[in-house]
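Participant: Kindly generate the corresponding structure for this input.
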Amino acid sequence: MSGAIDQAKSAVGTVQRTLPARAWKKYGDARGNVLAGGVAYFAFFSIFPALAVALTLTGFVMQGTPELRDWVVRNLVAGLNDYVPGLVHEGSSPAGGGGNGIYIDDYLNSTTLTWTLLVSVATGLFTGIGWVDGMRQGVRAVFGEDSGGGNFAVVKLRDLGGMAIIGSGVLLSVVSVVATNAAGEFLLDAMGFEPSTWSRWLLAALGFAVSFVIDTLTFLAVFRFLPGADVPLRDLLQGAVLGGIGIGVLKQFGTTIASRSADGGAFVGSAVTLVVLLVLMNLIGRLVLLAAALAAVRAEDNGSLHPDLMAQARLAVPLGPEVPDDLRPGAPRRRVPFLSGVVLGVVGASALKLVRRSGR
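Facilitator: Have a look, this model is predicted:
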């Protein structure tokens, strides 16, 4: 019985020493679920201004090319609704109000273009910087850093740069999928192949691969730039790969997971789209912090994260018994014990001599 218990303890210890288990422990020690909730809260409120800015800029840039604009808008609506059904709609909002989600033509209308852009940019900057600030503090907590990060102005500039990195990564990821599918269909038509199941699977796999590379590079840039920790890219790569794979999985199945989590029937009602979006943002926040925890553990193993603390820990380990102070090099000689020994030796020799004489 004791042997089985020892084997079970040994197996548990072996599992706890693995990289995924240590990353999960670091995530839990940093209260990753709580931090992800804060990140999701700010992300939820920054999504709508960001979409408004993107649609407004699309209307500005593509005013002279309505066919191209319609193609871009159509693919954008289809892509976004794959993730969150009902979030974006073509056309204008209903006359009496009450429509849920974002209606494209409300932001492409030239009469409201300027004010929409100004208000959306201001709101997007405010909520976006708050979102990135929450993500930065979460990643720093997982990395074992304090929440400050240095000078206030420098920190906010870093948050602004992080928002630009994340926004560019998301935009490139969405565009890459649309462009890959369009290019693949064009090549298939040019070569005379009819659309089939294998060609659709091939295009989907190609789009996933391109999107995975872009998402991984985005995670790598976020982990290197946002927390301000001086960690080599090679130590962050494993966490970034986990983030890229996780985002790809969430793109495929995240909507289903979030929809089931938000399935409240009549209680949720027409707010189901918003609830799904909030749950999805929470899942993404957890993924980011879990990937950061994996990167932090790998960096600690390689000694690139908190190298000063690692050096202090090594110096704190004794290499052997401590040398007495009077025996260390350069220590002053203690003459009193030496003289006492000489006196005792002389007295002892004299006493021994007297004993021998008396014996004769």
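
Participant: tally of neighbours for residue 187?
Facilitator: Counted with other CB atoms under 10 Å, the neighbours of residue 187 add up to 12. (C-beta placed from N, C-alpha, C; glycine too.)

Participant: measure it to residue 50 for me?
Facilitator: For residue 187, the distance to residue 50 equals 33 Å [CB to CB, to the nearest Å].

Participant: Which of the three states applies to residue 63?
Facilitator: Here residue 63 is recorded as coil under DSSP: H, G, I helix; E, B strand; the rest coil.

Participant: Break down the stretch 201-350 of the chain into its strands, ranges please.
Facilitator: Using DSSP state E, counting those that start in this stretch, no strands are found in the stretch 201-350 of the chain.

Participant: Validate this expectation: residue 69 resides in a strand.
Facilitator: No - according to three-state DSSP, residue 69 belongs to no strand; its state is helix.

Participant: For residue 120, which residues are in contact?
Facilitator: Residue 120 sits next to 49, 52, 53, 56 when contact means CB atoms under 8 Å, 6 or more residues apart in numbering.

Participant: If you rank those by neighbours, which is first?
Facilitator: Busiest of these [other CB under 10 Å] is residue 56, holding 24 neighbours.

Participant: so what's that residue closest to, chain neighbours aside?
Facilitator: Closest residue in space to residue 56, ignoring its immediate chain neighbours: residue 117 at 4.6 Å, by CB to CB, 6 or more residues apart in numbering.

Participant: what separates the host helix or strand of the one you found from the chain centre, distance-wise?
Facilitator: Assignment of secondary structure by DSSP states H and E places residue 117 within helix 113-142. Helix 113-142 sits 17 Å away from the centroid of its parent chain (CA atoms, centre = their mean, to the nearest Å).

Participant: residues of that helix that come out buried?
Facilitator: Residues of helix 113-142 classed as buried by neighbour count (16 or more other CB atoms under 10 Å): 113, 116-117, 120-121, 123-124, 127-142.

Participant: How about stretch 24-32?
Facilitator: Quick answer for stretch 24-32 (16+ other CB under 10 Å): 24, 26, 27, 30, 32.

Participant: Tell me, what's the model's pLDDT at residue 283?
Facilitator: Listed pLDDT for residue 283 reads 91.

Participant: and it, how far is that from residue 169?
Facilitator: Per CB to CB, residue 283 is found 17 Å from residue 169.

Participant: Next up, the contacts around the residue nearest to residue 208 when sequence neighbours are not counted.
Facilitator: Nearest non-adjacent residue to residue 208, counting by CB to CB, 6+ apart: residue 248, 5.9 Å away. Residue 248 makes contact with 208, 211, 212, 215 under the criterion CB under 8 Å, 6+ apart.

Participant: Surely the third one touches residue 246?
Facilitator: No - between residue 212 and residue 246 there is no contact, the gap being 10.3 Å when judged by CB atoms under 8 Å.

Participant: got a pLDDT number for the closest residue to residue 133 other than its chain neighbours?
Facilitator: Using CB to CB, 6+ apart and skipping the chain neighbours, the partner closest in space to residue 133 is residue 159 (5.1 Å). At residue 159, the model reports a pLDDT of 87.

Participant: And the one 10 residues further on, by the same measure?
Facilitator: The confidence metric pLDDT takes the value 87 at residue 169.

Participant: next one: residue 62
Facilitator: Looking at residue 62, its pLDDT stands at 77.
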